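Trainee: Make a model of this:
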Amino acid sequence: MSGTARLLDGTVVASAATALFLVPRVLRREAGPARPEARPARREARPARQPPHPARQEAEANLPRRRRPFGPEPVLAAVVALILLNQVLVAVYVNRVHHGDVSFIARYLPPGWFDVPRLDFLAARFPAPELLAPSVLRVQAFLELPLVLLAFAAVVRRLDRALYVRLARSPLVPPAAVSYTVAFCAVEWDLRNPFTVDDLVLRSLAACVTPPLIAWLARREPESGSEPGSGSGSGSGSEPRPEPPVSPFRFALDLWAYGQLMLVLYDTVLLYNLARLGDHLVSAAVASAVLVATRAVPSPAQRRPPGPYTAALTGTLGRALALFLVPALSIRYAESFGTPQLAALAGLLVVGVALRRDATLLLPPAVAGVLVGCAVAALAPGPYYEATLLRSATGALLATTAVCALLDTTRTRLVVRS
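Mentor: Now for the predicted structure:
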């Protein structure tokens with residue numbers, strides 16, 4: 001066994017143990033400090049309310065308004081834009097300095113990297129192209145950790161905003177950054193090139209700055225989980241009610257869309273294959289449209305409470321995301337560069353712990369989901385491991401959701417008839 005495999009296997013064990021130890025404590029803890037209960041006012045003793053003084057009105061008008069939270073998605077979009085911009089600069093550098101020959105770096109990497117477009121119009125007019133040398137591998141080494149952690153945070157926020165706030169402000173994010181960085185660095189060392197040492201330093205720096213960024217974004221969220229001024233409270237002066245988690249069906253669509261966009265990024269810019277971006281524009285547009293639609297259309301969960309099976313599935317999804325936060329990337333890379341059996345065992349352990357609370361209730365839907373997921377993987381495999389896993393997981397989640405909805409409907413009819 002190579003040193004890379006041993007390091008990845010050890011990271012899988014350590015990160016899974018960290019998740020199993022910390023997640024139950026994080027989920028039991030409140031997302032923010034509890035607000036003191038309002039004392040009942042005695043109406044007969046309350047003096048008549050006086051109109052505010054004009055000077056006070058002017059001072060209150062000049063106070064800065066509370067900014068609306070925007071979550072991790074705009075920051076994630078900015079990181080993606082920086083990665084795309086860096087790929088354009090890579091194309092300029094390769095075509096101007098190396099005359100379109102990528103062998104100076106491609107020989108250190110597996111086949112399938114550095115399909116760089118010409119961009120002759122821009123390359124011919126770019127001043128001092130030799131200064132763009134850091135765009136090759138190094139800039140992206142710093143941006144990959146924010147990319148994956150912000151994407152994970154965005155997925156969690158799509159399911160349950162209160163859960164996102166709790167996880168992003170918890171002690172789980174720094175260990176996740178360390179686990180992901182170790183996995184990145186292990187693969188980086190396995191694919192050593194002249195820029196490896198620079199990349200290791202940049203990845204370590206990203207691990208220091210990304211957790212505070214995610215915690216800062218979460219601190220901008222209201223503690224109740226609802227947008228300021230949304231009017232979700234029960235009345236004037238009452239506490240706004242937290243937004244309910246979205247339905248598992250809607251979350252399955254969001255999960256597929258985010259996964260599809262990440263696969264597009266992987267196939268193109270993360271492997272420095274910007275010339276292949278045109279082949280993926282349709283799938284990227286469809287995934288983006290799904291994310292816009294699921295955000296714009298009101299959730300049925302806001303109009304009526306879910307049934308017990310659907311509610312149990314939603315809770316299990318939240319626990320699974322929390323448990324996967326720390327070991328997710330090490331499990332993924334251990335499948336390719338470490339011990340696949342250990343990675344599979346760690347993944348099954350995390351899923352089992354997440355399912356344990358509602359195992360009896362969700363066993364029939366989970367079995368149906370597993371069968372559908374296996375059928376999708378066998379009948380409609382993707383071009384590589386991640387694509388197959390995304391299709392299989394989406395099919396499994398949709399099937400599980402459908403069975404839960406059917407069982408909830410059947411239970412409702414039985415209750416009404418009885």
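Trainee: For the rest of this, base every contact and every neighbour count on C-alpha atoms.
Mentor: Fine.
Trainee: Name the helix or strand of the protein that has the lowest mean pLDDT.
Mentor: helix 54-62 (a mean of 54; mean pLDDT, DSSP states H and E).
Trainee: Helix or strand next in line after that helix, which one?
Mentor: Counting by DSSP states H and E, the next helix or strand C-terminal to helix 54-62 is helix 73-97.
Trainee: tell me the mean pLDDT for the helix or strand following that next one?
Mentor: Counting by DSSP H and E, the next helix or strand C-terminal to helix 73-97 is helix 103-106. Taken as a whole, helix 103-106 carries a mean pLDDT of 94.
Trainee: Could you export helix 103-106 as PDB, CA atoms only?
Mentor: Only the C-alpha atoms of helix 103-106 are listed here, as PDB (Å, rounded to 0.1, in the frame of the first residue of the first chain):
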ATOM      1  CA  SER A 103       3.300  19.100 -22.500                       C
ATOM      2  CA  PHE A 104       5.300  21.300 -20.000                       C
ATOM      3  CA  ILE A 105       2.700  20.400 -17.400                       C
ATOM      4  CA  ALA A 106       0.500  17.700 -18.900                       C
END
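Trainee: Just give me how far it sits from the chain centre.
Mentor: When distances are taken as Cα atoms, centre = their mean, to the nearest Å, helix 103-106 is centred 32 Å away from the chain's centroid.
Trainee: Likewise for stretch 155-167?
Mentor: 10 Å.
Trainee: Can you measure across that stretch, start residue to end residue?
Mentor: 12 Å (Cα to Cα, to the nearest Å).
Trainee: And stretch 114-127, by the same measure?
Mentor: 23 Å.
Trainee: what sits up against it?
Mentor: 90-96, 100, 102, 106, 271-276 (Cα atoms under 8 Å, 6 or more residues apart in numbering).
Trainee: all helices of the stretch 151-300 of the chain, in order?
Mentor: 161-168, 173-190, 196-219, 248-267, 281-296 (DSSP state H, counting those that start in this stretch).
Trainee: Tabulate those helices in a markdown table, adding columns for mean pLDDT, distance to Pro134 and mean neighbour count.
Mentor: Output for the helices of the stretch 151-300 of the chain, formatted as a markdown table (pLDDT from 0 to 100; distance: least, Cα to Cα, whole Å; neighbours: other Cα atoms under 10 Å):
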| stretch | mean pLDDT | distance to Pro134 | mean neighbour count |
| --- | --- | --- | --- |
| helix 161-168 | 94 | 31 | 26 |
| helix 173-190 | 96 | 16 | 22 |
| helix 196-219 | 96 | 10 | 19 |
| helix 248-267 | 95 | 20 | 20 |
| helix 281-296 | 94 | 27 | 15 |
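Trainee: Show the contacting residues for Gly347.
Mentor: Ile331.
Trainee: give me the element it is part of.
Mentor: helix 340-355.
Trainee: what helices or strands is the lengthiest helix in the chain leaning on?
Mentor: Scanning the chain for the helix with the most residues, using DSSP state H, yields helix 385-417. Secondary-structure packing of helix 385-417 (3 or more Cα pairs under 8 Å, 6 or more residues apart in numbering; DSSP states H and E): helix 248-267, helix 308-324, helix 359-379.
Trainee: and of these, who's closest to Gly112?
Mentor: Closest to Gly112 of the helices and strands packed on helix 385-417, according to Cα to Cα: helix 248-267, at 9.3 Å.
Trainee: How far away from the center of its chain is that closest one?
Mentor: For helix 248-267, the distance to the chain centre is 10 Å (Cα atoms, centre = their mean).
Trainee: contacts for that helix?
Mentor: By Cα under 8 Å, 6+ apart, helix 248-267 touches 151, 155, 158-159, 273, 276-277, 280, 283-284, 286-288, 290-291, 294, 310, 313-314, 386-387, 390-391, 394, 397-398, 401.
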